[in-house]
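Peer 1: Sharing a model that was predicted from the sequence below.
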Amino acid sequence: MKHHSGDPDQVAIEIPVDKVCFLIMKAREFDVKEEGTDPDSGSNPSDDAEIAVLEDTPDDPVEQEIRSLIDDLSVDEQIDLVALTWLGRDDYDASEWTELRLEAAGAHNSRTADYLLGDPLMGDHLAEGLAALGYSCEDVERQYL
């Protein structure tokens, strides 16, 4: 079990916090995209081009990046991600982490990326889950910004 700092409130998790934080940033980038809608199409070609960049497309580079990040994780790390998402949705309490992780392990399959990308609030849920276990992305975000 990895422990990152001396914070007694932190629950040990298998996945490195910086990986989760990077995924949160990517997920939020993906979340802000609009669902392929352009009601004012034809209004101004240069505006339309910019809107098209924000639409979800099957070969969306951000989605592909999130998918490959998730697929490259170990099974234990994928299980943590799912458990963190459930925790962040307020389905569980941080004190139930062990049971939650067992449930996520039982539900684990090869479609973890599909499952997580299907959550429109994936980034927020992961961030809330981390916070509930005593972790923060503030330090990590400074490294990337």
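Peer 2: Perfect, thanks for sending it.

Peer 1: Now do the helices in this protein.
Peer 2: For the chain, the helices defined by DSSP state H cover 17-31, 45-54, 61-71, 75-88, 97-107, 112-117, 122-132, 138-144.

Peer 1: could you say what helices and strands the fifth one packs with?
Peer 2: I take that to be helix 97-107. helix 75-88 (3 or more CB pairs under 8 Å, 6 or more residues apart in numbering; DSSP states H and E). In this view, the C-beta of every residue, glycine as well, is placed from N, C-alpha and C.

Peer 1: Low-confidence ranges, this protein, go.
Peer 2: 1-8, 33-58, 139-145 (pLDDT under 70).

Peer 1: swap the cut-off to 50 and go again
Peer 2: Across the chain, the ranges flagged by pLDDT under 50 are 1-6, 34-41, 43-45, 48-49, 52.

Peer 1: Mean neighbour count and distance to Asp9 for the helices of the chain - can I get that in a markdown table?
Peer 2: A markdown table is the format used below for those (neighbours: other CB atoms under 10 Å; distance: least, CB to CB, whole Å):
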| stretch | mean neighbour count | distance to Asp9 |
| --- | --- | --- |
| helix 17-31 | 19 | 14 |
| helix 45-54 | 11 | 38 |
| helix 61-71 | 15 | 27 |
| helix 75-88 | 22 | 14 |
| helix 97-107 | 15 | 12 |
| helix 112-117 | 18 | 25 |
| helix 122-132 | 21 | 10 |
| helix 138-144 | 12 | 16 |
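
Peer 1: Now tabulate the ones you listed in CSV and tack on distance to Gln10.
Peer 2: Shown next, in CSV, are the helices of the chain (distance: least, CB to CB, whole Å):
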stretch, distance to Gln10
helix 17-31, 9
helix 45-54, 36
helix 61-71, 23
helix 75-88, 13
helix 97-107, 11
helix 112-117, 23
helix 122-132, 10
helix 138-144, 13
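
Peer 1: For Val11, find the nearest of those helices.
Peer 2: Closest to Val11 of the helices of the chain is helix 97-107 (CB to CB; 5.1 Å).
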